[in-house]
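# kindly generate the corresponding structure for this input.
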Amino acid sequence: MINIKINDLDFLVRENISVLEACKYVGITIPRFCYHEMLSVSGNCRMCLVEIEKTPKPVSSCTLPVSNEMKIYVDTPLVKKARENVVETLLLNHPLDCPICDQGGECDLQDQTKLFGTDYSRFFLNKRSVEDKNCGPLIKTIMTRCIHCTRCVRFGSEIAGIDYLGTLNRGVSTEIGGYISKMFNSEISGNVIDLCPVGALTSMPYAFKTRPWELRSNETIDLTDSLGSNIYVNFKDSEILRILPKNNNEINESIISDKARFSYDSVKNQRIQKIFEKSNKKSFNSINWHDFLKKINSLIISNNKIEILINDELELKSAELLKKLTFLYDNITVKTISNINSKNSYTNWNNSKVADIKKSRKFCFLISTNVRIESAILNTKIRSKTISELFNVVSLGQKFNSSFSIDCLNLSLNKFLSIFEANNKTSAFLISSQNPLICIGDNVEKRFLGNFSINDFLKKIAPTKILISIKKASNTVGLEYLKIQNLNNKHLNETSTIFAINLEDNIFLRKLLLKTKSNIFWFNTHGSSIAKNANYIIPLSNEFESEEIFVNLEGRPQKTLKTLSGGNDIRNIKSIISTLYPKIKNKNDFNFLEEIIEQPNKFKTIKNILSTKNVFNIEYLKRLNYVHKYPLKSILENFYNSNRSTKNSLIMTKCSQLINKNFNNFTAN
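Predicted coordinates:
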């Protein structure tokens, strides 16, 4: 710690920080435009000027490091006049369009002009105009408003890993733009909207919708991936208008993915609003909840075999109540179509946290995962570590377009297992490395037969590892805790009734349900081609219309908060089961959920039932060689089309179409 004086007051601050950071830590706010905590220092806006004793002129506080016994003055007449001149310079070419600007009311330039600017200008010539740039369907550009703070440029090159934006020309002709007109191809491109201090980069879906003071805000979590980023939902009346990141240093810090930010339009697209019963092969009639619940109750007590199909997007409490329902009735079974790893002895509760990535030493292993698509925020944390220190990343699986430098080993499952037999350089490299970061894709565990768990095995051979198992959906870990079993197709042929709850319409599900002779009850938020062939269509609430609990990839339970009311006929699974069987909540045969939420430390010691001696026996390897020969690959291929909500989002569909187009650089069509 060193001693400095700010406005003749003594303060103790840390060494090796800037004057701006020192003032921020002691509670003194210094205006800035180009400085941001996540980005490198550029010092080109000059708004953060302060006066230092024995210096002839003001200096920028963001570039000047503190020194012992330094005397700093932040509000002298010289500093105030310097800031006034800086604001006047920034406004020379800035358009006077605040009434129509989407940044109005949240604009740093507006606020600082009010505080530090003047009511006149010495500039009487025509203002310069700049051509707007095409950044795709997510970001709206009005580059005449740009003040050249270069936050967007530094974000793209340092965090996103995409050198899309840059500075063009020099002097008064300087402008920010892309060298080639195309989409800003990054999974976190929307964060430049939050970084831009003026209205040069704004949200295109939010354009001209409303003013920020008309919005209401609510805190919730993102369910488009398994990380569970914290977000703010801004809504007006019964419509969500935008989603912003909520700062959480343990999970997503202050950035979110484009799926989390822009897929909110799926709330109203193709939504099911009423209960429908099929009257003939083509038409449906609407019925009320009273008649429908009678039908459900009669089905359950009739001893007809009922198969309840769920996936790993279903929230934790509803999955628990469905499991309790199987204890009440022998004719009901609950299965998941997501092939979760519920049979393994190892649970994810003991896994390392996302914040532990900073503790990792020199090496990172990506096992069958394209971390850029499967978890965009986790990818930025690994990239940040690779560019800030010596950190080698090795990918064991098919090559993918990474935003940082990686060494790729395209392996089959057998060759991958041979790494851990300790007879080659890679296995010795893994075992001997201290605190390696290992990221395992959701596709790995589905390859193994029997009770073998790669998580168990890695825990034995590398006990000091930082292991993060990247899941595809928002509640995969929750269903693993509840031990929901995977679906067996033979069981499906023997059932008379199928309850399809919250399932994503895909090719696999169509093969299962479109050919079956069973009665199908489609419980979902959205319609689909399967819903047209169902006997009953029942509307469910989404993550913005109810309070639910989800467990993210690090085993952290998080709760969504209710933002919208939903329709009159829209309910969730919890309310449906509780209405039918009000005493089921108090049934003590299955109280695992309360133990998870209230006593997470109870699961610190879970015994492994596997021994290393019989893992690689000859018969096991022969079975693997017979079943799994193809290389390891990621479970996702399209970032914008990954789950039920993104598939029903028009914004995400437009992005997916643009990404799939081949871009030929400087070639004729």
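# sketch out the low-pLDDT regions of this protein for me.
For the chain, the stretches with pLDDT under 70 are 341-351, 419-432, 448-452, 583-630, 662-669.
# break it into its domains for me.
Structurally, the chain divides into domains by automatic domain parsing as follows: 2-90, 108-267, 275-338+477-599, 348-472+609-637.
# may I see these organised as CSV, with distance to residue 98 and mean neighbour count added?
Glycine gets a C-beta too; all of them are placed from N, C-alpha and C. CSV is the format used below for the domains of the chain (distance: least, C-beta to C-beta, whole Å; neighbours: other C-beta atoms under 10 Å):
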stretch, distance to residue 98, mean neighbour count
domain 2-90, 14, 17
domain 108-267, 7, 18
domain 275-338+477-599, 29, 18
domain 348-472+609-637, 33, 18
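# among those domains, which is nearest residue 654?
domain 108-267 (4.7 Å; C-beta to C-beta).
# endpoint to endpoint, the closest one covers what distance?
With C-alpha to C-alpha, to the nearest Å as the measure, domain 108-267 spans 32 Å from end to end.
# thinking again about what came up before, adding distance to residue 643, write the domains of the chain out as CSV.
Output for the domains of the chain, formatted as CSV (distance: least, C-beta to C-beta, whole Å):
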stretch, distance to residue 643
domain 2-90, 27
domain 108-267, 6
domain 275-338+477-599, 6
domain 348-472+609-637, 8
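# of those domains, which is nearest residue 102?
Of the domains of the chain, nearest to residue 102 by C-beta to C-beta is domain 108-267, at 4.3 Å.
# of the domains of the chain, which is nearest residue 644?
The minimum distance between residue 644 and the domains of the chain falls on domain 275-338+477-599, with 4.4 Å, by C-beta to C-beta.
# what about the domains of the chain, which gets the closest to residue 652?
domain 108-267 (5.2 Å).
# chain center to stretch 227-247, what's the gap?
13 Å (C-alpha atoms, centre = their mean, to the nearest Å).
# between its first and last residues, how far does it reach?
Stretch 227-247 has an end-to-end distance of 14 Å (C-alpha to C-alpha).
# among the domains of the chain, which is nearest residue 657?
For the domains of the chain, the distance to residue 657 is smallest for domain 108-267, at 9.3 Å, taking C-beta to C-beta.
# ok, now which ones touch residue 84?
Applying C-beta atoms under 8 Å, 6 or more residues apart in numbering, we find residue 84 in contact with 116, 117, 118.
# at 6 Å instead, please
116, 118 (C-beta atoms under 6 Å, 6 or more residues apart in numbering).
# name the element it belongs to?
Assessed by DSSP states H and E, residue 84 sits inside helix 77-90.
# what's the angle between the next helix or strand after that helix and helix 77-90?
Going down the chain from helix 77-90, the next helix or strand is helix 108-116, by DSSP H and E. For helix 108-116 against helix 77-90, the angle by axes from the mean of the first three to the mean of the last three C-alpha atoms, to 10 degrees is 140 degrees.
# and the following helix or strand past helix 108-116, how far out from the chain middle?
Per DSSP H and E, the first helix or strand lying C-terminal to helix 108-116 is strand 139-141. Remark: strand 139-141 is offset 21 Å from the chain centroid, using C-alpha atoms, centre = their mean.
# direction included, what does strand 139-141 pair against?
Using DSSP bridges, the strands paired with strand 139-141 are strand 201-203 (antiparallel).
# wait, isn't residue 30 in contact with residue 20?
Yes: between residue 30 and residue 20 there is a contact under C-beta atoms under 6 Å: 5.3 Å.
# ends of stretch 434-445, how far apart?
Across stretch 434-445, first to last residue, C-alpha to C-alpha, it's 25 Å.
# ok, residues contacting it?
Under the criterion C-beta under 6 Å, 6+ apart, residues 341, 360-361, 363-369, 371, 454, 464-472, 634-635 lie in contact with stretch 434-445.
# stretch 572-583 too?
Residues contacting stretch 572-583 (C-beta under 6 Å, 6+ apart): 297, 317, 318, 321, 541, 546.
# cool, stretch 70-82 as well?
Outside stretch 70-82, the residues that reach it (C-beta under 6 Å, 6+ apart) are 4, 5, 6, 19, 49, 50, 51, 53, 58.
# dump those to a markdown table, plus distance to residue 213 and secondary structure.
Below are the contacts of stretch 70-82 laid out as a markdown table (distance: C-beta to C-beta, whole Å; DSSP: H, G, I helix; E, B strand; the rest coil):
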| residue | distance to residue 213 | secondary structure |
| --- | --- | --- |
| 4 | 39 | strand |
| 5 | 40 | strand |
| 6 | 34 | strand |
| 19 | 34 | helix |
| 49 | 31 | strand |
| 50 | 32 | strand |
| 51 | 36 | strand |
| 53 | 42 | coil |
| 58 | 35 | coil |
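# ok, so of these, who is nearest residue 334?
residue 19 (60.7 Å).
# OK, contacts around the closest residue to residue 211 other than its chain neighbours?
Once flanking residues are discounted, residue 211 sits nearest to residue 105: 5.9 Å by C-beta to C-beta, 6 or more residues apart in numbering. By C-beta under 6 Å, 6+ apart, the residues touching residue 105 are 211, 212, 213.
# distance of residue 105 relative to residue 29?
Residue 105 sits 19 Å away from residue 29, taking C-beta to C-beta, to the nearest Å as the criterion.
# again, but for residue 37
14 Å.
# returning to that earlier point: and residue 661, which of the domains of the chain is closest to it?
Taking C-beta to C-beta, domain 108-267 is the member of the domains of the chain nearest to residue 661, at 9.0 Å.
# so what pairs up with residue 501 in the strands?
Where residue 501 sits in a bridge, its partners, by DSSP bridges, are residue 523.
# ok, it touching residue 524?
No: the criterion here is C-beta under 6 Å, and residue 501 misses it with residue 524 at 7.6 Å.
# Three-state assignment for residue 550, please.
When classified by DSSP: H, G, I helix; E, B strand; the rest coil, residue 550 comes out as strand.
# all helices for the stretch 351-500 of the chain, in order.
371-374, 376-388, 413-418, 425-432, 454-461, 476-482, 489-493 (DSSP state H, counting those that start in this stretch).
# off-centre distance for the fifth one?
The gap between the average C-alpha position of helix 454-461 and the chain average comes to 27 Å, counting by C-alpha atoms, centre = their mean.
# now stretch 486-504
30 Å.
# what's next to it, contact-wise?
299, 304-311, 313-314, 335-337, 339, 509, 518-523, 644.
# and what of stretch 249-259?
By C-beta under 6 Å, 6+ apart, stretch 249-259 touches 187-188, 190-191, 224, 229, 231, 245, 247, 354-355, 376-377, 646.
# might you report the residue contacts of the closest residue to residue 366 other than its chain neighbours?
By the measure of C-beta to C-beta, 6+ apart, the closest residue to residue 366 outside its immediate chain neighbours is residue 395, 4.4 Å from it. With contact set as C-beta under 6 Å, 6+ apart, residue 395 has these partners: 366, 406, 408.
# cheers, nothing more for now.
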